[in-house]
Structure formats: C-alpha cells, structure tokens
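>>> Provide a 3D model corresponding to the input given below.
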Amino acid sequence: MNSKNLPKTVNDRTPDRRAELLQRLLEAEPEEESSAKTAEEPPEDELEVLVFQLGKERFGMDIQHIAEIIRYVEPTEVPHTVTFLEGIISLRGRMIPVISGRKRLGHEPKLPDKKTRIIVIQDGTELEGIVVDSATQVVGLPRQNIEATPPVVVGAAAEFIEGVCEHKSQLIILLNLQRFLQFV
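Sure thing, here's the model as predicted:
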C-alpha cells in the first residue's frame with residue numbers, strides 16, 4: 001500500500017470510518033507485520049479501541065479520541081514540568097505536549113525503538129501525545145464484556161483505569177483518558 005494515499009489524520013472523518021482509517025495507518029508500516037484486519041462498521045453494542053502495549057500490559061483507548069498515530073519523534077524537553085511530560089513536538093506546525101505512558105503509569109523507563117509510537121489525542125481543539133511501546137490493532141469490544149476496575153487494583157495508576165475486558169484470551173486495560181491526560 002502506498003503511504004502517500006493514506007490520510008494523515010482521522011479527526012475530521014465520520015465515526016464509522018475512524019476505525020478503518022486508524023487500521024490503515026497501523027498497516028502502513030511495511031517493515032512490520034500487523035495482526036489486525038480491516039475494520040468494518042461497528043455494531044452499536046461494541047466499543048472500538050486502539051490496543052497498545054506498555055511493558056507487558058495491553059491497554060486500550062476509545063478510537064473516538066484519537067487524531068492519529070505517528071512514529072516516535074524525540075520531544076524537546078521542557079524544564080521544571082511534571083515528571084511524566086517527555087516534552088513537546090511540532091506536528092505540522094502545532095506544538096503539542098507529549099506524555100510518557102510508561103512514566104504516567106509508574107513503569108520503568110525504556111529507550112524508544114522502531115515500534116515506539118506517539119498516539120495523538122484530540123480533546124476539542126487541543127492535541128496531546130502519548131508515547132507507547134507499540135500500537136498494534138483496532139478491535140471491537142462488546143460493551144457487555146467490559147467490567148469495572150476490580151477493587152483489588154489500588155494506587156495511583158488505578159485512577160486511570162476505566163475498565164477491563166478480555167479479548168482473545170488476553171486482558172485489555174481500558175484507560176480513562178480524561179484523568180490520564182490531567183497534569184495536576
């Protein structure tokens with residue numbers, strides 16, 4: 001597939017096409033295999049999530065909040081900020097803050113590699129990036145299978161978890177992006 005024909009952003013697309021466009025962006029990596037299949041229009045009782053890795057855990061976020069997924073770019077550090085802020089990057093002329101998903105969740109730091117991605121989140125007119133180890137696929141999760149955060153999950157990271165769901169014998173932890181992106 002020619003990457004010149006791929007859309008650069010999905011934020012201006014209809015929700016029905018958002019999963020398909022994100023999937024195409026993921027599949028645009030010619031040197032990497034993607035286990036994802038082309039997304040179809042989701043049933044109303046499914047939540048479409050982008051699945052990504054941080055350490056050994058698989059996380060998911062609602063695709064409605066994702067503007068795009070880009071290869072890792074070294075952010076410019078900003079002194080005297082919160083520890084989980086990697087810095088800022090310029091994305092087509094816009095300066096956006098980039099958060100380390102690993103630091104935000106209390107994981108050990110890891111050097112970026114060829115699978116490292118920045119997931120660009122759109123909140124109204126604001127854009128923010130989250131550095132993840134890899135972004136793997138878009139999946140539809142039946143809403144009735146999504147369970148609340150178990151009460152045994154405690155600590156700072158528990159506030160960022162919206163729920164959990166099993167998909168193909170693997171647990172996906174769903175992030176609460178509103179809390180995850182707060183800087184206070």
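>>> tell me the phi and psi of Gln64?
Note on Gln64: backbone dihedrals following degrees, to the nearest 10 are phi -60, psi -20.
>>> number of residues surrounding it?
Residues within reach of Gln64, counting by other Cβ atoms under 10 Å, total 15. C-beta: built from backbone N, CA, C; applies to glycine.
>>> any idea how far it is from Arg71?
Using Cβ to Cβ, to the nearest Å, Gln64 is found at 23 Å from Arg71.
>>> what about the strands in this protein?
Assigned by DSSP state E, the chain shows strands spanning 46-54, 57-62, 66-71, 85-91, 94-100, 117-123, 126-132, 134-142, 161-167, 170-175.
>>> run the angle between the third one and strand 85-91 for me.
Going back to what we said before, that points to strand 66-71. 100 degrees (axes from the mean of the first three to the mean of the last three Cα atoms, to 10 degrees).
>>> could you do the second one as well?
Angle of strand 57-62 versus strand 85-91, following the same axes, to 10 degrees, is 50 degrees.
>>> pull up the pairing partners for strand 57-62, direction included.
Sheet pairing of strand 57-62 (DSSP bridges) gives strand 46-54 (antiparallel), strand 170-175 (parallel).
>>> quick one, the shortest one and strand 161-167 angle?
For the pair strand 170-175 and strand 161-167, the angle between their directions (the same axes, to 10 degrees) equals 160 degrees.
>>> between strand 170-175 and strand 126-132, how many degrees?
150 degrees.
>>> for stretch 48-59, list every residue counted as buried.
Buried residues in stretch 48-59, counted by 16 or more other Cβ atoms under 10 Å: 48-54, 58-59.
>>> what's the span of that stretch, first residue to last?
Distance between the boundary residues of stretch 48-59 (Cα to Cα, to the nearest Å) amounts to 13 Å.
>>> what's the offset of it from the middle of its chain?
Centroid separation between stretch 48-59 and its chain, computed with Cα atoms, centre = their mean, to the nearest Å, is 8 Å.
>>> repeat for stretch 87-103
13 Å.
>>> quick one: contacts of it?
With Cβ atoms under 8 Å, 6 or more residues apart in numbering as the test, stretch 87-103 has contacts from 8, 52, 54-55, 59, 70, 73, 75-78, 83-86, 107-110, 118, 120, 127-133, 180-181.
>>> can you say which of those are buried?
52, 54, 59, 70, 75, 84-86, 107, 118, 120, 127-133, 180-181.
>>> and the nearest residue to Glu166 once chain neighbours are set aside, what's its pLDDT?
Distances taken as Cβ to Cβ, 6 or more residues apart in numbering put Asn145 closest to Glu166, at 6.9 Å, once the chain neighbours are dropped. If you check Asn145, the pLDDT there is 87.
>>> separation between Asn145 and Gly101?
Taking Cβ to Cβ, one finds Asn145 at 24 Å from Gly101.
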